[in-house]
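Chemist: Generate a structure from the sequence data that follows.
(2 chains)
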Amino acid sequence: MKRFLLFFFIGLLSLALLIVALTFYGLGLRPEIEARFEGQRWSLPAVVYARPLELYVGQPMTPQMLEDELLLSGYRQENPPKSEGSYQRRGMTVQVVSRGFHFPSGFEPSKSVNLTFSSEGVAAIIASEGGDPLDLFRLDPARIGSFHPTAHEDRIVVTYKEIPPLFIKTLLAVEDKKFFSHPGVSPLAILRAFLANIRAGSTVQGGSTITQQLVKNLFLSNERTASRKFREAIMAVLLDAKYSKQDILATYVNEVFLGQDGNRAIHGFALAGQYFFHRVLADLSSAQIATLVGLVKGPSLYDPLRHPEKSLERRRVVLAQMAEAGLISQDELVAAHQEPLLDTDLQRDGFNRFPAFLDLVRRQLPSQFQEEDLKTNGLQIMTTLDPRLQFKLETNVHDAVTRLEKRGKRPEIEAAAIITNRDNGEVLAIAGGKEPVRQGFNRVLSARRQIGSLFKPVVYLTALENDRTLGSPVDDLAVNLPTSQGVWSPENFDHREHGRVALYRAMANSWNLATINLGMDIGLKKIIAVAERLGFPRQIAPLPSILLGAVEMTPFEVAQMYQTMAADGFYTPLRAINTVMAADHSLLSQYGLTVEQRFDPATIFLIDFALQRVVAEGTASSLLRGKLADQHLAGKTGTTNDLRDAWFAGFSGDHLLVVWLGRDDNKSVGLTGSSGALPVWERIMTDIGASPLILTAPEHVIWRRIDTETLAAIGADNGQSALLPFRVGTEPRIEEAVAPPETQAATTPIPADKNDVAQPAATPERKPQPPAIQQKKGFFDTMRGWFQ
Amino acid sequence: MNNEIVPMNILLSRDTAMPRQCFFPFFSHRRCFAPLLLVCAMLILSGCAGKVVLTPPVEGAPPVTRPDEQASGRTEGKTDEHPTKPAPPSRDDGQPDKRTGEQTDDQKNDQAEQQSEPFSQTDEEQWDEDEEAGQDSSYQPKLGPAASLYNQGESYLRDGRLDKAEMSLERALRIEPRNPDYWHTMAEIRFRQGKKREAVQCCLKSNSLAVGVARLIRKNDELIARAKAEDDESFE
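Modeler: Purely as a prediction, here's the structure:
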């Protein structure tokens, strides 16, 4: 008996010591657990959204355009569409069930609508329930990317309540049957696994509870040692003791790793549901639940995209377990087996596909948002990206460049392009290179290249501000300028002189000599000041060579300058971000639309008119042979020395597009603005759709006809005349003819310029004319009609 | 309290199938209160006395530093030089207040606008009198595709919810970017947000698009004059 007591006390003592040791061990682990479990559990990357698509009656759009947009936004086809994020297209009608979304202006719940299209565009928008006609309907925006923390983890966090009961029951039936009754660990399961493993001679079964798996994922490395198992068990018990089962389960559902998408790790069932099925958890079928739950056992082994057969086999096993546990009936089991593994046949999600645009977003985020905020705080960034235009831009740039490379046997052509909204300066799409998806050098933002003749409108705009008119005479004559490196004698691209010409023609034809003579006359400082007012942010050295575009700019900077001209002389900073919201959807920053008038509307109207002449009769007249012939587009070609850079910048009624082609090593690319960049520009513009550019003549603009040879104002068309806009007070008077062309001009033969008379009148309708001028029908008359 | 004893349970490999409620029969012996005390000490020390209910992690995220004035953020540091502050009520513009009752300053502001530019009878007939009658403003429904947004923006403006008004108008202008009436309303929003210089610019934009629309040009010019007057008062 004494002996027994001794043993008893020794046993008791060692037990006490063990408890003390464990207490301290547990105490040591406590802060780690609490730190991880309370407050912020995950680093939530900032999520970037495209602009929401506004649908309205009368909108020029086709069912195909809408379908493209829906697919890029992660919508799926469903017959009939019932759950959020589904759509069905039938001929000219599309039914869409939008996903509820927290906009900066408030939450907009999911809505089901029927859209009917006509050849004109959206004909009717009818709410599916109630049949009320709507005049406006806003789709939830596409999730286009996120700023990963270093681990590249991505997830959509859900609360316990958002997890459907069937999902929870399935998960528990497969992974941890006793979850709600065990204390964090299940010794019986461990024992069973242990025995099974001994019998098999290797590890075939794990005895981990969901709590243990969570602990392993959250706190521990992947090593398989006894000490790690021990630590895991202790922590699991502590976790179970401190937090509710629901909490632990929700954390597990959000934490678990379920797949790899490139360098993005798919964590949590909610993101996996979105990734594989384009569905929220509540919309998953039992077969889809089985697929996802089956993934836990081996996320790469049972990946439904990469190993569909293994995934299907695993789904079969899980479905059987579901039936066994009474979660689904025998009939449901049979039906579930029939379901295809993946029902979204079109995996065209736009997520993380637009790295160049995300790069711009990141650069434009104000410094108030630190790197850390982007990676951890779950910010929601609402951008201006138009996913459909972005997709089209990338495809066209890639195809066009590939074709140019093949045709000219010129490899290594690179490209950059940017589309902005003509009016509000929102950046809609950018292509940072010919390979869209490859993340790397973002040429739109980083490639500073000489812009060549794209600079000329700056020179002519300055001239128009300084008492010149579109009809002012300019000498396109040889010029020798002394510079520090000797005498500079530039030439025209065609190596000819064109004599005394009207100012607008010099610009339309991009004549170098005329531009230099005019620019030197006006003064370089004034021209540089105009470039700055147009929005060019850096200093330009006052050298004569800038007149021909020896100024380095990025395509983005070019777009900014042309934007000011396209938007009636109002400067708006090009922006990619509209609003930034916190994780709880409260508004943090709003980048409202701002405008700043930098030029007189009449002057801008004149320069825009001249930019239209570039297309109508100048270096971009090849557009008149294409589908865009009737859109009155405005733009300018640019080519640099030795054909290193080919540019085209231009705008339609709704979009501004800048295209650059060149080589990264700055060697000759063998293309001019007209032969290289313009066809690419045309291709993109045709594909994205160009509305006609209808300029509104401001007050104080009147029209006069001039003879393009003598530059004298005339009353009627004489076969070589042009009708031009003038600021009131600067217009030429008919009787006071300008001096006849100088003798020099006569020596250089002026090429027969068929363009002067332009096209035969496309539309023979007669427009009201200023009474002072008698007129024939002509191209310019038609033009004038557009402006009024 | 039983929960907390679990670690020991596992380590001792006691009856593993035992339900949680009856842990440690071994320790129920009276003589082992010392270990029990230890266990209690452990409990107290580790503070595991109860379950902790957690809020979802996202909601608990510390918010990013909020800029003082949300709407004044600009991408290029081109922030308005004005300290942004709410627009002072336009009482001082000499317009007599015809109405009595609990009118807000905002309404007075609108009213002042309106009195200088009474709208035509046809305009008046168009609007929803049920809701808006008696709260006049320069409000006129438009017929373009963004009309409902414009009307929504106008009603936010009248309620003084300027952020929301701004968002509605920005949407409207995205759909109809060249509608001079929308630009004028945008100017009024900027004015009320205290962004006088931006208000002037929006008026200029409206004017540039309103060629020949005398009514609107007059309204814009008046707003420009008011904005400039107040701008001078505040900053000179």
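Chemist: Quick check: residues of the stretch 301-450 of chain A near chain B?
Modeler: A:364, A:366, A:368-369, A:373, A:376-379, A:421-424, A:426 (CB under 8 Å from any CB of the partner chain). To be clear about C-beta, it is placed using only N, CA and C from the backbone, and glycine gets the same treatment.
Chemist: Quick check: of those, which lies closest to chain B?
Modeler: Top of the list for closeness to chain B, among these and by CB to the nearest CB, is A:Asp423 at 3.5 Å.
Chemist: Just give the closest residue to that closest one, not the sequence neighbours.
Modeler: B:Pro177 (3.5 Å; CB to CB, 6 or more residues apart in numbering or on different chains).
Chemist: remind me which residues of the chain are low pLDDT?
Modeler: No chain specified, so I'll use chain A. Applying pLDDT under 70 to chain A flags residues A:1, A:38-41, A:148-151, A:201-206, A:221-225, A:344-352, A:437-439, A:735-788.
Chemist: actually chain B
Modeler: In chain B, residues with pLDDT under 70: B:1-142, B:232-236.
Chemist: Tell me how it divides into domains.
Modeler: According to automatic domain parsing, chain B comprises the domains B:2-46, B:101-235.
Chemist: Might you report the residue contacts of the closest residue to A:Gln246 other than its chain neighbours?
Modeler: Among residues not flanking A:Gln246 along the chain, A:Tyr160 sits closest, at 4.5 Å (CB to CB, 6+ apart). Counting by CB atoms under 8 Å, 6 or more residues apart in numbering or on different chains, A:Tyr160 touches A:246-247, A:249-250.
Chemist: which two from those residues end up farthest apart in space?
Modeler: A:Asp247 and A:Leu249 (7.3 Å; CB to CB).
Chemist: Near A:Lys178, how many other residues are there?
Modeler: 13 (other CB atoms under 10 Å in any protein chain shown).
Chemist: Same check on A:Val280?
Modeler: Other residues near A:Val280 come to 20 when the count uses other CB under 10 Å.
Chemist: now the one 5 residues further on
Modeler: The burial metric for A:Ser285, expressed as a neighbour count using other CB under 10 Å, is 16.
Chemist: Now do the nearest residue to it once chain neighbours are set aside against A:Leu327, distance only.
Modeler: Counting by CB to CB, 6+ apart, A:Glu339 is the residue found nearest to A:Ser285 once chain neighbours are left out, at 6.3 Å. A:Glu339 sits 16 Å away from A:Leu327, going by CB to CB, to the nearest Å.
Chemist: between these two, who's got more neighbours?
Modeler: Neighbour totals were compared for A:Glu339 and A:Leu327, and A:Leu327 leads with 20 against 16 (other CB under 10 Å).
Chemist: Can you tell me the SS state at the residue nearest to that one when sequence neighbours are not counted?
Modeler: Leaving aside its sequence neighbours, A:Leu327 sits nearest to A:Lys169 (CB to CB, 6+ apart; 5.2 Å). At A:Lys169 the chain is in helix, as set by DSSP: H, G, I helix; E, B strand; the rest coil.
Chemist: So A:Lys169 is in contact with A:Gly326, correct?
Modeler: No - judged on CB atoms under 8 Å, A:Lys169 makes no contact with A:Gly326 at a distance of 9.2 Å.
Chemist: Who has more neighbours out of those two?
Modeler: Between A:Lys169 and A:Gly326, A:Lys169 has the larger neighbour count (other CB under 10 Å), namely 16 against 9.
Chemist: Tell me the spacing between that one and chain B.
Modeler: For A:Lys169, the distance to chain B (CB to the nearest CB, to the nearest Å) stands at 21 Å.
Chemist: Longest helix in the chain, please.
Modeler: If you meant another chain, say so; for now it's chain A. Looking across chain A with DSSP state H, the single longest helix is helix A:2-37.
Chemist: Correction: the question concerned chain B.
Modeler: Longest helix in chain B, counting by DSSP H: helix B:214-235.
Chemist: Send me that helix as PDB with only the CA atoms.
Modeler: Output in PDB follows, covering the C-alpha atoms of helix B:214-235 (Å, rounded to 0.1, in the frame of the first residue of the first chain):
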ATOM      1  CA  ALA B 214     -28.700  82.000 -74.300                       C
ATOM      2  CA  ARG B 215     -30.600  80.800 -71.300                       C
ATOM      3  CA  LEU B 216     -27.900  78.400 -70.200                       C
ATOM      4  CA  ILE B 217     -25.000  80.800 -71.000                       C
ATOM      5  CA  ARG B 218     -26.600  83.500 -68.900                       C
ATOM      6  CA  LYS B 219     -26.900  81.000 -66.000                       C
ATOM      7  CA  ASN B 220     -23.300  80.000 -66.400                       C
ATOM      8  CA  ASP B 221     -22.100  83.500 -66.500                       C
ATOM      9  CA  GLU B 222     -24.100  84.300 -63.300                       C
ATOM     10  CA  LEU B 223     -22.600  81.400 -61.500                       C
ATOM     11  CA  ILE B 224     -19.100  82.400 -62.700                       C
ATOM     12  CA  ALA B 225     -19.700  85.900 -61.300                       C
ATOM     13  CA  ARG B 226     -20.800  84.600 -58.000                       C
ATOM     14  CA  ALA B 227     -18.000  82.000 -57.700                       C
ATOM     15  CA  LYS B 228     -15.500  84.700 -58.600                       C
ATOM     16  CA  ALA B 229     -16.900  87.100 -56.100                       C
ATOM     17  CA  GLU B 230     -16.800  84.600 -53.300                       C
ATOM     18  CA  ASP B 231     -13.400  83.400 -54.300                       C
ATOM     19  CA  ASP B 232     -12.100  86.900 -54.000                       C
ATOM     20  CA  GLU B 233     -13.600  87.300 -50.600                       C
ATOM     21  CA  SER B 234     -12.100  84.100 -49.300                       C
ATOM     22  CA  PHE B 235      -8.700  84.300 -50.700                       C
END
